[in-house]
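Quick one: sequence plus predicted model below, questions after.
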Amino acid sequence: MTRTAAREIAVRLCFGLSENPKDPAQLLGDMFDEEYYDSLKEEDEAFSSYPDELQMDYISRIIRGVCDHGAELDGYIEKYAVGWKFGRISRTAVAILKTAMFEIMYMPDVPNKAAINEAVELAKRYEEPMTVPFINGVLGSFSRSEATFA
């Protein structure tokens with residue numbers, strides 16, 4: 001599994017948390033039960049391979065971090081989504097933004113540009129075309145103003 005695929009799974013789990021809040025450990029345990037995970041392969045190509053230890057660590061860091069810093073990340077979205085009310089932003093876009101913002105702020109092993117580019121690519125797959133430049137703009141402004149890692 002690639003980092004890109006792991007990121008997509010992390011975004012999907014963040015989206016799931018917005019729909020059905022759970023303890024991150026429980027969510028990760030349920031999701032990565034091998035039998036359950038294997039059942040997803042037939043339905044969705046994103047789950048075509050089981051994450052290795054490195055990718056599981058990455059996904060877990062994202063999920064736990066987004067949960068632990070959820071209010072902070074929401075605040076950043078509100079701050080940098082100029083002209084948009086938080087409630088107007090789709091839950092998918094919020095999950096993409098939170099994942100990228102967490103990477104930018106708390107994961108020095110992920111280059112900021114990579115986090116932004118991957119977020120934009122996910123937005124192209126899951127969002128309306130007009131949302132893609134919005135996500136890119138929010139993350140660009142956020143990265144220039146708030147990022148602790150270059």
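Okay, I see it. Residues are numbered from 1 along each chain as shown.

so residue 134 makes contact with residue 84?
Yes. Contact criterion C-beta atoms under 8 Å: residue 134 and residue 84 qualify, at 7.4 Å. (Each C-beta comes from the backbone N, C-alpha and C, glycine too.)

More neighbours: the two, which one.
Taking other C-beta atoms under 10 Å, residue 134 and residue 84 do not tie; residue 134 has more neighbours (19 against 14).

Return the residues in contact with that one.
If you count contacts by C-beta atoms under 8 Å, 6 or more residues apart in numbering, residue 134 has them with 81, 84, 93.

now those residues as CSV including distance to residue 3, secondary structure and pLDDT?
Putting these into CSV (distance: C-beta to C-beta, whole Å; DSSP: H, G, I helix; E, B strand; the rest coil; pLDDT from 0 to 100) gives the following:
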residue, distance to residue 3, secondary structure, pLDDT
81, 26, coil, 95
84, 29, coil, 86
93, 21, helix, 97
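
Pick the one among those closest to residue 53.
Checking the contacts of residue 134 against residue 53 by C-beta to C-beta gives residue 93 as the nearest, at 30.4 Å.

how close does that closest one sit to residue 54?
For residue 93, the distance to residue 54 equals 28 Å [C-beta to C-beta, to the nearest Å].

Looking at the two, which has the bigger crowd around it?
Shown here are residue 93 and residue 54; by other C-beta under 10 Å, residue 93 has more neighbours (25 against 11).

Do a quick rundown of the helices in this structure.
Assigned by DSSP state H, the helices in the chain fall at 3-19, 24-31, 34-41, 53-68, 70-80, 91-106, 112-126, 131-146.

Of those helices, which stretch is the most buried?
Highest mean neighbour count of these: helix 91-106, a mean of 24 (counted as mean count of other C-beta atoms under 10 Å).
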